[in-house]
Structures are given as structure tokens and as C-alpha cells.
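S.K.: give me coordinates for this.
(chains A and B)
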Amino acid sequence: MILRIQEPRTPKPADDEPIGGLVPVVVSPQASTVRTFLVSRGSSSIADSTFRWLMLLCALSIFAIVALIATELVTHSQITLAKFGWKFFLGSAWDPVNANFGALPFVYGTLVSSILALILAVPLAIGVAVFLTEMCPRALRGFLSFMTELLAAIPSVVYGLWAIFVLVPLLREHVDPLLIRLLGWTGLFAPPDFGIGMFAAGVILAIMILPIISSLTREVMTAVPHSQREAVLALGATRWEMIRMGVLRNARIGIVGSIILGLGRALGETMAVAMVIGSSPTISKSLLAPAATMASVIANEFAEASDDTYRSALIEIALALFLVTIVVNMFARLLVWAVTRGTPARVA
Amino acid sequence: MILAAALAACAVPCLAQHLNAAGATFPYPIYSKWFSEYAQQHPGVEINYQSIGSGGGITQIMKGTVDFAASDMPLTDGMLAQSPVKLIHIPTVLGAVVPIYNVPGVGADLRFAPDVLADIYLGKISNWDDARIAKDNPGVKLPNQEIYVVHRADGSGTTFIFTDYLSKVSPDWKSTVGANSAVAWPKGIGGKGNENVAGLVRQMPGAIGYVELIYALQNHIPYGYVRNAAGTWLKASIEGVTDAAATVKSMPADFRVSITNAPGKDAYPISSFTYLLIPTHPTDATKEKVIKDFLNWMLNQGEGQVSALDYAPLPGSVADKVRAAVARLP
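M.R.: Below is the predicted model of the structure:
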């Protein structure tokens, strides 16, 4: 049943019609569809309670799914949980031959590649959003927005292939040598340079989360009422001051939220990262060195892991990823709370 | 009319059977060809093969969720003891692994002694102008260039064959790294799949990697010579791989044998069988019959088609032994 709300087309009844008597409910063909439906459907109490239970069930299914994932991960990683205990998360060996496993290099790889992606993507994404909402000519705006959304729709395996054939050679031949020359003294960019490695993974992740952060940020900034902008301008602010005080300040909760969504994607991204990170379970200071993330090691090694301990170790890596995601999300909530604290919520 | 024709086609042992199998990705192209041809010749039979990887295939056959499985590695004694279903190994085709490299100014005929290959992957030899590489390659002008080691990032039968070989030729490799579908590599970067390893080697001057022979042949990737156990320098070929299987010292009754570093004069040393894992006591008698019939068909007709897809067929002596093993199936 489709409800269409429309004004009745019949003219209002004339005033001289008799008033005071019982007015019967008349379902005339001219009555509104909503009214017709509401009158004809009978009692609402059953429908309402059924609806409430149904919605509750939907909400509870989230808990059920999360609980199911957690129990599955714990039960299937029993072997390594028993063998290594909590040391699994602090160990840095990954030796399938001698069944010695530790998750630390992968946790490190996941966190560092995601943070690197945020460092690269956030300023760019906010820049794109500011340009699109505040200073972009109307003709260009639609096209640019479309392009941003197109970036979000590209499958990650395509990003991975593009990274291998275009991005990695570009990094190896032009960008990395420059970074080594300029920032080599920090130790973060040290040879040998393979092209693929932590830095390449960070760059590809940044490109992948850029559209998420920029399009959400744009939405939030568009929602800032015009009166805010006008008020700041009226007080004598320049355009940049208006954007900073009138728009960014009001939209910051939403912007933090969009960054967190981007971070979520970066933490779990598998395919593109697995293709360019170089898959070496080591922790090195140089960002040009190969590394591995939790998602990439699972994707790479699960299919051929034949013995039980190995398989159990990979499932425990999945458990570690699950826990890291929870911790990062909690931290993000805390951040949102810290940002919003003490300021009146102006913009939804 | 049509119905009659259909009935006539079905008059030959018509076992409307649907079999499920899963496992190794390396032999998938030849398996899918076999299964579809067998199904065409035997109406009513359908074999559905999922190339989910050897590890996945082994898990599924042990749980009894597939009718048979495929694996690039033989099961260990421990795994066989663990399995609730009794399994036999049926070798089907052979694979080989070749070293590929990208050394500026050096052609396609570089020679790798076994210990040199192992020490490059161990990180003991780290420059192309190392005296030990030069010794085997007189006349080749090797550049002063760091060696970039590339290996597989994903677990794979290719890695198993390669590391199994290195374990045999280098005691150091055996004690520090060992053989498996994925190992703790002492150095280097990982590429996902044969195509990424080849891509990385091609892009990086100074790189060395290893890929499946089929992959190198079909993509025309130049690869080096390897010295075999008899001292012959060999470039991998389908004949050399089959020869490795024929000259292996003692073929055990269950075919669980590593044929890397085989003693034959023309045997290519980095080769291996790939197997089907067949349960000896399947729950379903008709399925059992179809599997047995398929195995016989594979040995008699299927083996003839493998070279067209660049796989190495079983040598005659091994095929006879496999035929006898299939005949013993209940």
C-alpha cells in the first residue's frame, strides 16, 4: 500500500450546512488516500505492537551478529589461545613451519598504515569539501561531486591493480627518492626502496578513504545554516575566517564522524593493501620497508593454511582485528565526546 | 523423439550424480577441463570443483563436506591420523617452479647453483656481482647491483615446492626456515600470486623471484638454468619435470613423495606432484563408483590432454602404479 499525502481537491463545505448533528464518516472518492487508508484498516493496537516487536528484533539482530562473530572467532582460535595466551598479541614471530605465531607486526601494520592514510587523506578531503561547498562555481560542482562519488564506487581490487602498475612505479621512481633525500634524516624514509611497502599501502588507503571523508564532510558543511555564514561575514570576517569560524567550527562534530568512518574502512581494507604492502611480518622504522596488516595476512594465507595451529593463529588474528576495531571505535567515541563537550549542539 | 534420444543416451551406465570437490588452485585449469569433458561423455554426472586452495580442500574433505579434494602438498602422517575419513593420494599432474630475475644487462640464460639460490633467499648473497654467482656464469658481465628478493605473499603450493627444494639443497635453509606453503622469509618482499611476483620482478632492476613454470611459459617470462642433483644445468621444461617424477629413487605405495632434487640426469630439480585426495570408504556407493570411473578415465584419456595446457603428465611408470592403486579402490 502506498500512502500519498495530498490535499483533498473538493472545495470546503459551505458554511450554511447544518452543524451540530452527528457527522458520519464519509469515505467519498475525493477523500485523501491517507484518510481512506486510516479509516478502512480497523484497529491499530495489534499492528502497532507487532511493528514494535519487529523493530526490536531488527535492533537485537545486531547484538546477535556481533556475539556470533565473537564466539566463532574465540572457539576456532582455541589452539593458539591455549598455546600462546595473551603473549600472542605481543609476539612478533610468524613462522608457520615451526608453528610459532605472534600478532604484533600485523597490529602495528594495520595501525600505522591507517594512521598514514588519515594523515594524507584528511587535509585533502577537507580541502575538497571546503572548495565544493564554499567556493566552487556551480557548473563545476556537480561534476566534481560526481567524480568524488565515482572514486568511492571503485572496487578495492581495481585500486590494488592500479597501485601495482601505476602508483608503485611512480612512487619508486619519483616520489620515494625525493622523500629519502628530504626526509631521510628522520629515518622514516630509508633505502632499500622497493616501491611497495608501508608507504605505498598508506597512499592507496588514503586515496580509497578520501571520497568517504570528503563527501560526508561536504554534506555536513552544506547543513550549516546560511545565517551562520552571513553573521560571521557581517561582523567583518574575511572569507577564510568565515569558513573557519562559521562553517568548520560548526561542522566539526560531523567532520570527526566522517574521519572515523574513513578510519574504519582503512583498518579493514584488505585486497588493495595485500597487493601493495609487500607482506613481510616485520616492524621497521622505515615506511618504505615492506610490512603486513591483519586483514592482508588473513587474505593471503588462510586459503592454503592446512594445519590446525596455523589456521587457529589466523583466526586469532581476525579476533585481534575485531578487538582493535572495537578499541579504535571506543577511542573515536571518546574523541567525539571531547569535541562536543561544552558546546551547544548547533548543527545536526 | 527427443525423449527417446535422451533415453538412449542414458542407456549407458546412467548415474545421475552430482559430485563436489574442492582444493588446490594450481591444477584448476586442467581439472575443470577434465571434469567438463568427463561430464559431456557421461551424461548425468556433474563434478563441481571449487579452487579454494589446498588448505581449504583438506579441511573440507576431513569434515566430509566434499566428495573428494585436491592438494598440492601430500598430507603429513599426523594429518592422515587425524582425518576421520581414510584418504588415499592420487597424483594427477606435475608442476615445476622456475627462478625469474631482472638484472640490467644480463640476458635470459643466467645459471643458479642450488646453494647459491638458497643463499640469495637467505640473504647471504646480496649483490649480483658476488663471486659465487660469477663462478657459474663465466663470460656474463654481472653488475654491481643489490639483489632484491621477491617471494609469494599468499600461502601457495608454489612456495611449498620451492622451499622444499631449498631445504633439500641447503642444510642452513632447512634449519632456519624449512618448507611449507608459507614460511618465515629471512628477507624480501611478498607479491600476491604468480602474476604479482612476476610483475614486481619485471619492474625492479636487481630483483629475483620464483613462479610456476606454466605461468612463465604462458606469459613468456625468461627464466634461469638450475643445476640438478646429477650436475646437469637445466632449463625447466615439461619433459624435464616428467623425468623428475620417473627417476625418483623410491616411489612409496601411497605416492606421498617429494620429487624435488630428483637424481635423474635430465630431471628438473624443482618439481612436484599435485594430488587428488580420495576417501577410501565414501558413504555413498554410487558416488564411489563414479569417482573410480573418473580416475580411470583420467589416467587413460585425461592424461593425454595435459601438455596442451602446459602441465607435465605423469610418466608411464607412475601412471601404471596409480592405475593399480585405483583398481584396489573398493
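S.K.: which SSE is immediately downstream of the strand or helix carrying residue A:59?
M.R.: Residue A:59 belongs to helix A:45-76 when assigned by DSSP states H and E. Toward the C-terminus, helix A:45-76 is succeeded by helix A:78-84 as the next helix or strand (DSSP H and E).
S.K.: tell me where the stretch 151-300 of chain B has strands.
M.R.: B:189-191, B:207-212, B:225-227, B:233-234, B:271-279 (DSSP state E, counting those that start in this stretch).
S.K.: sorry, wrong one. I was asking about the stretch 1-150 of chain B.
M.R.: B:17-23, B:45-50, B:68-71, B:87-102, B:111-112, B:148-152.
S.K.: and of those strands, who's closest to residue A:58?
M.R.: Of all the strands of the stretch 1-150 of chain B, it is strand B:45-50 that lies closest to residue A:58, at 33.4 Å by C-beta to C-beta. Any C-beta I mention is one placed from the backbone N, CA and C, and that applies to glycine too.
S.K.: okay, angle between the closest one and strand B:17-23 too, please.
M.R.: Put simply, strand B:45-50 runs at 20 degrees to strand B:17-23, going by axes from the mean of the first three to the mean of the last three C-alpha atoms, to 10 degrees.
S.K.: can you redo the strands of the stretch 151-300 of chain B as JSON lines with distance to residue A:124, mean pLDDT and mean neighbour count?
M.R.: JSON lines is the format used below for the strands of the stretch 151-300 of chain B (distance: least, C-beta to C-beta, whole Å; pLDDT from 0 to 100; neighbours: other C-beta atoms under 10 Å in any protein chain shown):
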{"stretch": "strand B:189-191", "distance to residue A:124": "28", "mean pLDDT": "90", "mean neighbour count": "27"}
{"stretch": "strand B:207-212", "distance to residue A:124": "32", "mean pLDDT": "94", "mean neighbour count": "26"}
{"stretch": "strand B:225-227", "distance to residue A:124": "49", "mean pLDDT": "94", "mean neighbour count": "22"}
{"stretch": "strand B:233-234", "distance to residue A:124": "53", "mean pLDDT": "92", "mean neighbour count": "17"}
{"stretch": "strand B:271-279", "distance to residue A:124": "48", "mean pLDDT": "92", "mean neighbour count": "26"}
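S.K.: for chain A, what lies in contact range of chain B?
M.R.: A:93-98, A:164-165, A:168-169, A:172, A:192, A:194-197, A:274-275, A:278-281, A:290, A:292, A:296, A:299-308, A:311 (C-beta under 8 Å from any C-beta of the partner chain).
S.K.: now with 6 Å?
M.R.: Residues of chain A lying near chain B by C-beta under 6 Å from any C-beta of the partner chain: A:94-97, A:164, A:169, A:194, A:274-275, A:278-279, A:290, A:300-301, A:303-306.
S.K.: among the residues you listed, name the ones in helices.
M.R.: A:169, A:274, A:275, A:300, A:301 (DSSP state H).
S.K.: what's the burial count for the first one?
M.R.: In other words, residue A:169. 14 (other C-beta atoms under 10 Å in any protein chain shown).
S.K.: buried ones in stretch B:170-187?
M.R.: Using 16 or more other C-beta atoms under 10 Å in any protein chain shown as the test for burial, stretch B:170-187 gives B:170, B:172-174, B:177-185, B:187.
S.K.: then stretch B:78-90?
M.R.: Applying a neighbour-count criterion of 16+ other C-beta under 10 Å, one finds B:79, B:80, B:83, B:87, B:88, B:89, B:90 buried in stretch B:78-90.
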